[in-house]
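**Student:** 3D, please:
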Amino acid sequence: MVELLDGADSAEAALKAMVAASNAGDDQAAMLLVDPAIRPLLLPSIAIERYAIDSYFLETRAFGEDKKFRGGQLFHFTLRDLVRIRSIKQLEKRLVDDKRVVFTVLTTEKSYHEEKHIHNVRSFLAIQRSDRWYLFRPFGELTNLLCGIDPWQDTNEPVKLLQVHQSDDEHSNRKNADYELEYRLPIELIHEHLVEAASAPEIKGANQLASRLQRHYDSIVNRAKRGDYQSRRELKDAMDPIEDWADILSGTTASLAPGLLEFAKKHGLKPEPN
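**Tutor:** Residues are numbered from 1 along each chain as shown. Sure thing, here's the model as predicted:
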């Protein structure tokens, strides 16, 4: 476990603390290092992911494997992405102003699909708020949205603000990278837009619903521990409201797409068909 710190004393310290939290698998510590203005965009997705995974194990522990279960696909990988990095090597540092710094780093990350590690070139924006430093990069579903591949967005011609490609051999410090995540606009501009988007009433409502979902699920866990549910059907009935709330929350990230489209057009980018 790592120390729970709300931000860090410097940009470099924030980056170091984020890597330590990620490597330890401590999502609470990692979230406390994410820019507070951005957290509302991540929390609904995390609530769905935590519920989907934890409820499966709760049901299995209580009543064994469900023979009717045929598996499923979970698109909300925000929580997993938050604790994916194992280590970094700093490649570049760019000062935006006295309160913002962009770090380009070479990461070592756990592969999603294989028992191996991969190496990516990523950018982190460090932001000073009051006397503390925080970080921004998109995680999970927000990354997919910026790449134009979010499965929930209602368009076949999204604007791609983030490109994932094999690393450029011309840069010697990138030769060990498997992929590079490259922004088509400065990361600080994207951050500014998302901070504004995060203040929308719809996002506030989604966060309130995410909190309600988590509280309701926690109460179900406590009731399961005291033996309130005598059958799988009773447990599933108790979780029915959560399923409805999860369906609503699943569109939270995709709801940012229209605003991102206008933002991208304003800065000269055009939609691209998938």
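
**Student:** so what does Leu95 have for phi and psi?
**Tutor:** phi -80, psi 120 (degrees, to the nearest 10).

**Student:** leaving out chain neighbours, which residue sits closest to it?
**Tutor:** In space, and not counting its chain neighbours, Leu95 is closest to Val101: 5.8 Å by C-beta to C-beta, 6 or more residues apart in numbering. To be clear about C-beta, it is placed using only N, CA and C from the backbone, and glycine gets the same treatment.

**Student:** residue ranges for the strands of the stretch 1-150 of the chain, please.
**Tutor:** Per DSSP state E, counting those that start in this stretch, the stretch 1-150 of the chain carries strands over the ranges 85-97, 100-110, 117-129, 132-136.

**Student:** closest to Ala47 out of those strands?
**Tutor:** Closest approach to Ala47 among those is made by strand 132-136 (20.2 Å; C-beta to C-beta).

**Student:** for that closest one, packing partners?
**Tutor:** Strand 132-136 sits against helix 11-23, strand 117-129, helix 187-198, with contacts defined as 3 or more C-beta pairs under 8 Å, 6 or more residues apart in numbering; DSSP states H and E.

**Student:** would you check how far apart Lys16 and Gln166 are?
**Tutor:** Distance, Lys16 to Gln166, by C-beta to C-beta, to the nearest Å: 28 Å.

**Student:** more neighbours: which of these two?
**Tutor:** For Lys16 versus Gln166, neighbours defined as other C-beta atoms under 10 Å are more numerous around Lys16 (14 against 10).

**Student:** bridged to the residue nearest to that one when sequence neighbours are not counted, which residues?
**Tutor:** Spatial nearest neighbour of Lys16, excluding adjacent residues (C-beta to C-beta, 6+ apart): Ala8 at 7.7 Å. With DSSP bridges applied, Ala8 shows beta-bridge pairing to Trp133.

**Student:** which residues touch Ala8?
**Tutor:** Ala8 makes contact with Ala14, Lys16, Ala17, Leu33, Arg132, Trp133, Tyr134, according to C-beta atoms under 8 Å, 6 or more residues apart in numbering.

**Student:** now do the contacts for the last one.
**Tutor:** Translated: Tyr134. Contacts here follow C-beta under 8 Å, 6+ apart; on that basis Tyr134 touches Gly7, Ala8, Ala14, Leu33, Val34, Asp35, Pro36, Ala126, Ile127, Gln128.

**Student:** excluding its backbone neighbours, what's nearest the first one?
**Tutor:** The spatial neighbour of Gly7 that comes closest, neighbours along the chain excluded (C-beta to C-beta, 6+ apart), is Arg132 at 3.0 Å.

**Student:** ok, now which ones touch that neighbour?
**Tutor:** Applying C-beta under 8 Å, 6+ apart, we find Arg132 in contact with Asp6, Gly7, Ala8, Asp9.

**Student:** and if we set it to 10 Å?
**Tutor:** Contact analysis of Arg132 by C-beta atoms under 10 Å, 6 or more residues apart in numbering lists Leu5, Asp6, Gly7, Ala8, Asp9, Ser10, Ala13, Ala14, Leu32, Leu33, Pro36.

**Student:** and it, how far from Met1?
**Tutor:** 21 Å.

**Student:** ok, Val102 - contacts?
**Tutor:** Neighbours of Val102 in contact, by C-beta under 10 Å, 6+ apart: 11, 92-96, 123-126, 136, 183, 186-188, 191.

**Student:** revised request: answer the last question for Leu95.
**Tutor:** Leu95 touches Ala11, Val101, Val102, counting by C-beta under 10 Å, 6+ apart.

**Student:** now these in JSON lines, with pLDDT and distance to Asp66?
**Tutor:** Listed next are the contacts of Leu95 as JSON lines, based on pLDDT from 0 to 100; distance: C-beta to C-beta, whole Å:
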{"residue": "Ala11", "pLDDT": "98", "distance to Asp66": "48"}
{"residue": "Val101", "pLDDT": "99", "distance to Asp66": "49"}
{"residue": "Val102", "pLDDT": "99", "distance to Asp66": "47"}
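
**Student:** closest one of those to Arg215?
**Tutor:** Closest approach between the contacts of Leu95 and Arg215, by C-beta to C-beta: Ala11, at 35.2 Å.

**Student:** can you report how many residues lie near the residue nearest to the closest one when sequence neighbours are not counted?
**Tutor:** Sequence neighbours aside, Ala126 is the residue nearest to Ala11 in space, at 3.6 Å (criterion: C-beta to C-beta, 6+ apart). When neighbours are counted by other C-beta under 10 Å, Ala126 registers 25.
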